[in-house]
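Asks: missing the sequence, but the structure's below:
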């Protein structure tokens, strides 16, 4: 008994010391709470492989004969917090981007990777096939350094170069713009909806039921992924840019804009109906005009938002649960094409958390 | 006093409960201790930019006129544990690889990212310019899917395809080989020693004094990085593959092998001498022959190990502190070209930790 009591007191004293250290750390207001990560790592998933005809000769290593090539996989970096929530979140970038999209924001704050880890979710950050670390492509491509950053500044609705939109949720620090431009990385093969959705569907088959966040170009293959894998339990789509899928007989009229002509993508009804079985929320930011404008960047988003609404109506008519949130309509102003890394991204994360709670996904 | 005592007891009880939870978690032998991360994130660093002549017209966004292009930066994902050691470790991949090199091993165990976080070091995982997430290249390149994996199986000394070396420190699980092949990603621009070392030198200027780990092709530009930035306080080089730098007047004779002819790279003495000012350790694995062999993969490593020893002697003759560790010579057998992710990578990490302790770098 005596030793037992002594041990208990010793344990209490040790624990007390630990508590003091914890309190001291919490008192250091400059530092956020540490992230407590039970497990983290990375892997490739999905993809295909080929073999060159012939027999490999180790004396001729540069001769492809008989050699294999694996490619078109996705790559994922994952983190599992201690006591994670039920569903992990897989985060999928848009055009010209990679997993970085969800990491540190251009102005150096925490992105959705950290924010949702702090909220107890496991996160899987995706590089889609032929992008970033998943560069091993099955299709030859030439990467050209083409001057295009003013296009992106406008297309991503930071402003109309060289001017920022009034009240835009994007830092005016030149270093933020430097980081923003350098967060892009090229395709190492042609963008292919089927290739990328195949790999991300395999990701869900590997990790089990989860939530899919998509951005922009990831939106279209995101719908295909949910069609291909019933492990996708919800989709949070930020500014899906194209490739809304409709039942073959219910395609909307083409939507011309000053940028391009947006078309619905037909899929069989048996596939489409799978999108009615999960909750989906779509967010669009600010500075999207209601009426046609000659400015390509703005006009492209006018038709995209319009088609998102048509798509919502079509899915819901078939029994689905799609919500389109145009942020300015709920009083949230200044968001660019990247609401999850904009200056108000914690407010955007709160919207997403509310959605997940309402749909009993957290 | 009474309230004070009561509060103290309450705190002790709470702390005791926390301790119990901690002990329960520790008792779950299947799970390693959680990683406690004070801060994590990512950024681009270094690089250059260009601007196309003319004036940007927002009505013609696809016309490069007047648009800019930022590229040739490095990309880094970093994690800072609570109460980190003095020096962070920047980890730099080799040819055909990216930051993934240091993450989960091909057979699914923890790589050096997690191992050195657990040992209290901040880690910065690098994608060098024109690789992985740092794909925005200043030089046009065509990415070709060339069947070459048996070349790498042999060159990386896993075995002589399709046979594994006896006792090789590499899992025979086919999924390990699948992950290994898919951990490769192509150059999006020509490999350029100056471009990549410029960016990594900028990384050190940003993060301050630290330790550089390099692998294979990263070895050569690693020496240049230490020449360019005095913030590099030590180098741990795993199997540097080429580009040993010598004083212009002290170049060794060319070293022909069945694979290629290895040449020293001349640098001015004022630059070379900087490499004498920091401790450097170089590790090579197993299955490197002493004598010439017609097998290109093996013979290439014979001359690389030989030149590493000449280089060690040259740096040390000028007052340096370079150690070459050929692992089989200290009884550690079966290592491939990737000792840090081989089956015995904890043993290799222990060697590195001993080096860092001896050099007072931890």
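Replies: Happy to help now that I have it. It should be emphasised that the depicted structure is a prediction, and the values quoted were computed from it without experimental measurement.
Asks: what lines up beside the lengthiest strand in chain A in the sheet?
Replies: Under DSSP state E, the strand in chain A containing the largest number of residues is strand A:35-45. Under the criterion DSSP bridges, strand A:35-45 sits next to strand A:74-81 (antiparallel), strand B:35-45 (antiparallel) in its sheet.
Asks: so can I have JSON lines of those showing mean pLDDT and mean neighbour count?
Replies: Heads up, the C-betas are built off the backbone N, CA and C, glycines and all. Listed next are those as JSON lines, based on pLDDT from 0 to 100; neighbours: other CB atoms under 10 Å in any protein chain shown:
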{"stretch": "strand A:74-81", "mean pLDDT": "98", "mean neighbour count": "25"}
{"stretch": "strand B:35-45", "mean pLDDT": "98", "mean neighbour count": "22"}
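Asks: so what's residue A:347 up against?
Replies: Residue A:347 is in contact with residue A:332, counting by CB atoms under 8 Å, 6 or more residues apart in numbering or on different chains.
Asks: separation between it and residue A:95?
Replies: Residue A:347 sits at a distance of 25 Å from residue A:95 (criterion: CB to CB, to the nearest Å).
Asks: Going by neighbour count, which residues in stretch A:46-57 are buried?
Replies: By 16 or more other CB atoms under 10 Å in any protein chain shown, the buried positions in stretch A:46-57 come out as A:46-47, A:49, A:52, A:56.
Asks: Could you work out the most separated pair of those?
Replies: Pairwise distances across the buried residues of stretch A:46-57 peak at 25.3 Å for A:46 and A:56 (criterion: CB to CB).
Asks: Which residues are in contact with residue A:126?
Replies: Neighbouring residues of residue A:126 by CB under 8 Å, 6+ apart: A:74-76, A:90-93, A:99, A:200, A:203.
Asks: Kindly recompute the last result at 7 Å.
Replies: By CB atoms under 7 Å, 6 or more residues apart in numbering or on different chains, the residues touching residue A:126 are A:74, A:76, A:90-93, A:99, A:200, A:203.
Asks: Tell me the secondary structure at it.
Replies: Here residue A:126 is strand, with the state taken from DSSP: H, G, I helix; E, B strand; the rest coil.
Asks: Relative to residue A:86, how far out is the nearest residue to it once chain neighbours are set aside?
Replies: Leaving out its chain neighbours, the residue that sits closest to residue A:126 by CB to CB, 6 or more residues apart in numbering or on different chains is residue A:92, at 4.8 Å. Between residue A:92 and residue A:86 the computed distance is 20 Å (CB to CB).
Asks: What ranges does the stretch 1-150 of chain A have for its strands?
Replies: Taking DSSP state E, counting those that start in this stretch, the strands of the stretch 1-150 of chain A run over residues A:35-45, A:48-51, A:68-71, A:74-81, A:89-92, A:123-127, A:141-143.
Asks: May I have the strands that pair with the fifth one, each with its orientation?
Replies: Looking back up the chat, that one is strand A:89-92. Counting by DSSP bridges, strand A:89-92 is paired with strand A:123-127 (parallel), strand A:210-215 (parallel).
Asks: ok, residues contacting that strand?
Replies: A:102, A:112, A:116, A:121, A:123-126, A:128, A:200, A:203-204, A:210-215, A:218, A:222.
Asks: ok, back up a step: mind checking which of residue A:92 and residue A:86 has more residues around it?
Replies: The residue with more neighbours, out of residue A:92 and residue A:86, is residue A:92; 33 against 14, by other CB atoms under 10 Å in any protein chain shown.
Asks: quick one: whichever residue of the stretch 251-362 of chain A sits closest to chain B from residue A:254, how far?
Replies: With CB to the nearest CB as the measure, residue A:296 is the residue of the stretch 251-362 of chain A nearest to chain B, at 5.4 Å. For residue A:296, the distance to residue A:254 equals 17 Å [CB to CB].
Asks: re the thing from before, can you list the strands paired with strand A:35-45 in TSV and add distance to residue A:170?
Replies: What follows is these, written out as TSV (distance: least, CB to CB, whole Å):
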stretch	distance to residue A:170
strand A:74-81	26
strand B:35-45	17
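Asks: Can you tell me which of those is nearest to residue A:145?
Replies: strand B:35-45 (15.4 Å).
Asks: Contacts only, for residue A:213.
Replies: By CB under 7 Å, 6+ apart, residue A:213 lies in contact with A:89, A:91-92, A:236.
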